[in-house]
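Visitor: Below is the structure, and that's it, no one-letter string:
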């Protein structure tokens, strides 16, 4: 089976170009991190490389080092910002794995003992909650 081509109109490409707003918590030359609008838990953040690729399977391997470094930075910040007991880091590749947006991205979700993740239902979080959560993470990144 041949992989599909990268779609420059996917939602994350539009966020990267500033065509769709996002609650950004981190950005450098190679990645951005922003709040997931349909979070599976408070502080659910996405780390997205700026280089176009559908997922890990077709990405240029040269981006992985910086991407994973940014994921670690964001994971430490969300754990601190939310006083979490741990952090779940997830990355999906192709429909059978659960991938729904075809731009490489990594989910970073603070976790709390005894509290399961919410399902990805398609229900959007209130903007004021996302704004507050983003500010907590940005503050944790500075400290």
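Guide: All right, it came through fine. Model, not experiment: these values are computed from the prediction.
Visitor: Please name the residues that touch residue 112.
Guide: Counting by CB atoms under 8 Å, 6 or more residues apart in numbering, residue 112 makes contact with 41, 84-85. From N, CA and C alone the C-beta is placed, and that goes for glycine too.
Visitor: what's the distance between it and residue 52?
Guide: Look at residue 112 and residue 52: by CB to CB, to the nearest Å, they are 35 Å apart.
Visitor: Other residues contacting the longest helix seen in the chain?
Guide: Using DSSP state H to define each element, the chain has its longest helix at helix 64-82. Helix 64-82 has contacts (CB under 8 Å, 6+ apart) with 25-26, 28, 30-31, 33, 42-43, 45, 47, 49, 84, 86-87, 89, 104, 106, 108-110, 133, 136-137, 139-141, 143.
Visitor: Can I get the buried part of the residues you listed as one ChimeraX selection?
Guide: Typed into ChimeraX, the next command selects the buried ones out of the contacts of helix 64-82 (criterion: 16 or more other CB atoms under 10 Å):
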select :25,26,31,33,42,43,45,47,49,84,87,104,106,108,109,110,133,136,137,140,141
